[in-house]
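Undergrad: From the sequence below, what's the structure:
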Amino acid sequence: MTLEADAAVAHEQPARPVRWPGRVALALGILTPIAVLTGVVAVSFDAFAVATMAAWVGIGASALAVLGGLVAAIGNWERGAAIGGIALGLLANPLVLTYGLDAAGNI
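TA: Purely as a prediction, here's the structure:
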């Protein structure tokens, strides 16, 4: 190694940490209750096709939020946002809400 190479290495900027996986998981987690709310409003206006599509979007966003959140939390990529995405994805999932509220109503 020469002195010129050492000077060039000394001026390099440190690599920025990866944060997008946790943020994407949080964004998908936030999309989940929005899709569920859209489906509930659509059913109240008798727009069953829109409600069905919103339910599927909610289920898909929920699954991706949980999987992406797990990957981001394990990889330590914006862990707080990843845990938020996991929590929103699990709690606002239309299937979890349906079965959870049905079980709570039968108690």
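
Undergrad: By mean pLDDT, which helix or strand of this structure comes out lowest?
TA: helix 3-10 (a mean of 57; mean pLDDT, DSSP states H and E).

Undergrad: Show me what secondary structure element comes after it.
TA: helix 20-44 (DSSP states H and E).

Undergrad: what's the residue nearest to G39 when sequence neighbours are not counted in contact with, if anything?
TA: Computed as C-beta to C-beta, 6 or more residues apart in numbering, the closest residue to G39 that is not its neighbour in sequence is A54, at 3.5 Å. For glycine as for every other residue, the C-beta is placed from the backbone atoms N, C-alpha and C. Residues near A54 by C-beta atoms under 8 Å, 6 or more residues apart in numbering: 35-36, 38-39, 42.

Undergrad: Pull out the buried residues from the helix or strand encompassing I59.
TA: Per DSSP H and E: I59 is located in helix 48-74. Going by neighbour count (16 or more other C-beta atoms under 10 Å), the buried part of helix 48-74 is 51, 54-55, 57-59, 61-62, 64-66, 68-70, 72-73.

Undergrad: Could you give the average pLDDT over it?
TA: Helix 48-74 shows a mean pLDDT of 96.

Undergrad: so it versus helix 20-44, what angle?
TA: 160 degrees (axes from the mean of the first three to the mean of the last three C-alpha atoms, to 10 degrees).

Undergrad: And for the residue lying closest to L64 once chain neighbours are set aside, the neighbour number?
TA: Closest residue in space to L64, ignoring its immediate chain neighbours: L28 at 5.0 Å, by C-beta to C-beta, 6+ apart. L28 has 22 neighbouring residues, counting by other C-beta atoms under 10 Å.

Undergrad: Is it correct that L28 is in contact with G68?
TA: Yes. Using C-beta atoms under 8 Å, L28 is in contact with G68, at 6.4 Å.

Undergrad: Which residues are in contact with each of the two?
TA: Common neighbours of L28 and G68 (C-beta under 8 Å, 6+ apart) are G85.

Undergrad: about what we covered before: what about the residue nearest to G39, distance to V40?
TA: 8 Å (C-beta to C-beta, to the nearest Å).

Undergrad: Then L90?
TA: Relative to V40, and taking C-beta to C-beta, L90 is found at 19 Å.
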